[in-house]
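Asker: Return a 3D structure for these sequence lines:
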Amino acid sequence: MRYFKARAALLSSTLFAVCSAAHAQQHDMATVHIYAAGSLRGVVRDLASEAASSFHIDVQASFGGSGSLRERIEKGEHPDLLLSADLESPRKLERAGRTALPVVAFARNRLCVVSRRETGITPSNLIDVLLKPGMRVRTSTPVADPSGDYAWSLFDRIDRMRPGAGARLKKKAGAVMNATATPADPKQSAATALFASRRIDVSITYCSAAAGLEREMPVLLSVPVPAALDPHPVYGAAVLSDSPAALKLAVFLLSDKGQAIIARNGLLPLLDPAAATQP
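Answerer: Below is the predicted model of the structure:
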């Protein structure tokens, strides 16, 4: 955690200096185009509200899998910020010379396993339930969406405990990866529709999203992946333009208020409260 603390402090200082140099910008409403991971919809919504009221900045956002968004940027699209569910996608843009500043971590998450309550899944029997014959395990698509990469990392960790289990789990996930179901109404999420139509039995997703699935469909239960197996997702931000408004938002994400927005939307702040009080 000290690594994240030092990195955040260093980049905050750098961004603050750049923003201060641009302090004389005009008072017209500035526009910042953000490409963001789907798991950040709530964060970006609250960020946009704060940006409009406090900074006179209009946020225009597009959402999708971080890998897919990164590919769009590589092909020539020009957002001001990429808020990714991983560090590798923004770092790849940094290595290609597409970023205005070094990539910074700004949030964390955890993996949860969501299933119907009838499966009786718990942290202690999680591996056994996933490996049951006929148990349909869904993940996002690796590379296109870091959630899929994190799930594959989970499978690899399970494989180290039970050789051969990782390949079995990847085969299960691959079989239903492209499964779709028509939502019962416009408010029903695609993931909930898959459970409701019994196209899947288990979903491996971010814990920040699991609570929403449980609210939509009370027969669902989410179980956090044990810490020893969790790849502990870290989210990264890439500043892709020299827009002073974009730099302000990048700084804001690392501030106490920005980190509070992250926590309010079910993700984990860059620093946990205990780490923040350590020397």
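
Asker: could you pull out the strands for the protein?
Answerer: Counting by DSSP state E, the chain has strands at residues 30-37, 57-64, 81-84, 104-108, 111-116, 137-138, 202-206, 220-224, 234-239, 268-269.

Asker: which of those strands sits most buried?
Answerer: Across the strands of the chain, the average number of neighbours (mean count of other Cβ atoms under 10 Å) peaks for strand 81-84, which reaches a mean of 28. Backbone N, C-alpha and C define where each C-beta goes, glycine included.

Asker: I'd like the average pLDDT over it.
Answerer: When pLDDT is averaged over strand 81-84, the result is 98.

Asker: likewise stretch 157-175?
Answerer: When pLDDT is averaged along stretch 157-175, the result is 97.

Asker: and the strands of the chain as a markdown table, adding distance to residue 70?
Answerer: What follows is the strands of the chain, written out as a markdown table (distance: least, Cβ to Cβ, whole Å):
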| stretch | distance to residue 70 |
| --- | --- |
| strand 30-37 | 8 |
| strand 57-64 | 10 |
| strand 81-84 | 7 |
| strand 104-108 | 16 |
| strand 111-116 | 21 |
| strand 137-138 | 23 |
| strand 202-206 | 18 |
| strand 220-224 | 28 |
| strand 234-239 | 9 |
| strand 268-269 | 23 |
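
Asker: Tell me which of those strands lies nearest to residue 186.
Answerer: Residue 186 lies closest to strand 57-64 among the strands of the chain, at 17.1 Å (Cβ to Cβ).

Asker: Contacts made by that closest one with the rest, please.
Answerer: Surrounding strand 57-64, the residues in contact under the criterion Cβ atoms under 8 Å, 6 or more residues apart in numbering are 29-38, 40-41, 44, 47-48, 51-52, 69, 79, 245, 248-249.

Asker: between the strands of the chain, which gets nearest to residue 127?
Answerer: strand 111-116 (10.1 Å).

Asker: Pairing partners for that closest one, with directions?
Answerer: Its sheet considered, strand 111-116 pairs with strand 202-206 (antiparallel), strand 220-224 (antiparallel) by DSSP bridges.

Asker: quick one: contacts for residue 223?
Answerer: 112-115, 121-123, 126.

Asker: thinking again about what came up before, can I get the strands paired with strand 111-116 in CSV including mean pLDDT and distance to residue 144?
Answerer: Conversion of those to CSV gives the following (pLDDT from 0 to 100; distance: least, Cβ to Cβ, whole Å):
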stretch, mean pLDDT, distance to residue 144
strand 202-206, 96, 15
strand 220-224, 96, 23
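
Asker: Would you format those strands as a markdown table with distance to residue 167 included?
Answerer: Shown next, in a markdown table, are those (distance: least, Cβ to Cβ, whole Å):
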| stretch | distance to residue 167 |
| --- | --- |
| strand 202-206 | 16 |
| strand 220-224 | 23 |
